[in-house]
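Undergrad: Just need the structure, nothing else, for what follows:
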Amino acid sequence: MQPSDRTEDGSTKDGSHVETTLAPPHREVAAQTHNAGRVYGKGNAQVRAIDGVTVSFAKGQFAAIMGPSGSGKSTLLHCMAGLDNLTSGSVSIGDTNVTALSEAKRTELRRDRVGFIFQSYNLVPSLTARENILLHCTFAKTKPDQAWFDEVVSTMGLADRLSHTPTELSGGQQQRVAAARALVHRPEIVFADEPTGALDSRSGRRLLTLLAHVAHDKNQTIVMVTHDPVAASFADRVIFLADGKVVQEITKPTVERILQIVQELDEKQENKNAEHLDEWGDPLAVTE
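TA: You can find the predicted model right below:
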């Protein structure tokens, strides 16, 4: 397929959608997958969470991944970050083939080159907010950039909470600590799993603005999973998954366009569910 065969929103002129989405050819690739697959379970219980995904992300890019629940968004994110293992295919960060690394080398890569904002925070309960934020630096035995630390902490509104442990923080404050931890050591790439899920609109906007700042001004790469069209509209590019496959991609996203695509995907999922009910019958139906 030639570039001219593709429309602005990533679909082809005949209405089909590509499953391969690549970074612009003139920009250095920060992370990529090739034919990535992840299967859980065996036999009739087998679930194909991601299915043949080839995607790349450029340095300095802020990308969002969206799709219905169960579409494979978080699985793809965890596999790209080296937190989960692919069943097939490969994932690379820069020139490093993450798939081929030992667990010890993966841990080293995540410590030195990757930031991850967990949906469930994953803070160390016995450490203060400051200590949690500086965890990567502690493990790597490096000194943080104090000016950048202060900027991140100030932007996240955490200056008066640094001595508090997680149990003394609200859910939103814990989410902000988790975000600060992922950013302070200046990783090459930050993977963010629903980073605004526990935040109010003001704090969410601050975090999204900061993520855009580190991508565009610091040349770091942000890959964010979100259900929120407003959050996704902060990104340069939005990739949509369904049934473990890439089904669409748009650049320069707007809330309106994102909502339109999400609605289309939801309708397709509802139709698919209805077909399954017709095929197997309604298990709740009362029979004579």
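Undergrad: Give the rounded mean pLDDT of stretch 94-107.
TA: The predicted model gives stretch 94-107 an average pLDDT of 96.
Undergrad: repeat for stretch 135-151
TA: Across stretch 135-151, the average pLDDT comes to 95.
Undergrad: mind checking how far that stretch is from the chain centre?
TA: Stretch 135-151 has its average C-alpha position 23 Å from the chain's average C-alpha position, going by CA atoms, centre = their mean, to the nearest Å.
Undergrad: Pull that stretch out as PDB, backbone CA atoms only.
TA: Extracted C-alpha coordinates of stretch 135-151, given in PDB (Å, rounded to 0.1, in the frame of the first residue of the first chain):
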ATOM      1  CA  LEU A 135      13.300   5.300  43.900                       C
ATOM      2  CA  HIS A 136      14.800   5.000  40.500                       C
ATOM      3  CA  CYS A 137      17.700   7.200  41.500                       C
ATOM      4  CA  THR A 138      18.200   5.300  44.700                       C
ATOM      5  CA  PHE A 139      18.400   1.900  42.900                       C
ATOM      6  CA  ALA A 140      20.700   3.400  40.200                       C
ATOM      7  CA  LYS A 141      22.800   5.200  42.800                       C
ATOM      8  CA  THR A 142      22.600   8.500  40.900                       C
ATOM      9  CA  LYS A 143      21.800  12.000  42.100                       C
ATOM     10  CA  PRO A 144      18.600  13.600  40.800                       C
ATOM     11  CA  ASP A 145      18.500  16.900  38.900                       C
ATOM     12  CA  GLN A 146      17.300  19.100  41.800                       C
ATOM     13  CA  ALA A 147      15.800  21.700  39.500                       C
ATOM     14  CA  TRP A 148      13.900  19.100  37.500                       C
ATOM     15  CA  PHE A 149      12.800  17.400  40.800                       C
ATOM     16  CA  ASP A 150      11.500  20.700  42.100                       C
ATOM     17  CA  GLU A 151       9.700  21.500  38.800                       C
END
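Undergrad: List of residues touching it?
TA: By CB atoms under 8 Å, 6 or more residues apart in numbering, the surrounding residues in contact with stretch 135-151 are 111-112, 115, 124, 127, 131, 133-134, 181, 184-187. Where C-beta positions appear, they are placed from N, C-alpha and C, glycine not excepted.
Undergrad: what helix or strand does Ile50 sit in?
TA: strand 47-58 (DSSP states H and E).
Undergrad: Helices of the stretch 51-200 of the chain, start to end?
TA: 73-80, 103-113, 129-133, 135-140, 146-155, 171-184 (DSSP state H, counting those that start in this stretch).
Undergrad: Pipe those helices into CSV and attach distance to Lys59 and mean neighbour count per row.
TA: Shown next, in CSV, are the helices of the stretch 51-200 of the chain (distance: least, CB to CB, whole Å; neighbours: other CB atoms under 10 Å):
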stretch, distance to Lys59, mean neighbour count
helix 73-80, 15, 24
helix 103-113, 12, 15
helix 129-133, 24, 22
helix 135-140, 20, 16
helix 146-155, 18, 15
helix 171-184, 16, 24
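Undergrad: how about the ones you listed in JSON lines, adding distance to Asp200?
TA: Shown next, in JSON lines, are the helices of the stretch 51-200 of the chain (distance: least, CB to CB, whole Å):
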{"stretch": "helix 73-80", "distance to Asp200": "23"}
{"stretch": "helix 103-113", "distance to Asp200": "29"}
{"stretch": "helix 129-133", "distance to Asp200": "18"}
{"stretch": "helix 135-140", "distance to Asp200": "25"}
{"stretch": "helix 146-155", "distance to Asp200": "15"}
{"stretch": "helix 171-184", "distance to Asp200": "6"}
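Undergrad: Counting neighbours, what do you get for Ser201?
TA: For Ser201, the tally of surrounding residues (other CB atoms under 10 Å) stands at 9.
Undergrad: Provide a list of residues in contact with it.
TA: For Ser201, the contact set (CB under 8 Å, 6+ apart) is empty.
Undergrad: And it, how far from Asp160?
TA: According to CB to CB, to the nearest Å, Ser201 stands 21 Å off from Asp160.
Undergrad: Then Gln32?
TA: Gln32 is 41 Å from Asp160, by CB to CB.
Undergrad: Neighbour count: the two, which is higher?
TA: Applying other CB under 10 Å to Gln32 and Asp160 shows that Gln32 carries more neighbours, namely 19 against 9.
Undergrad: what secondary structure does the more buried one sit in?
TA: Of the three states, Gln32 takes strand under DSSP: H, G, I helix; E, B strand; the rest coil.
Undergrad: Good, we can wrap up now.
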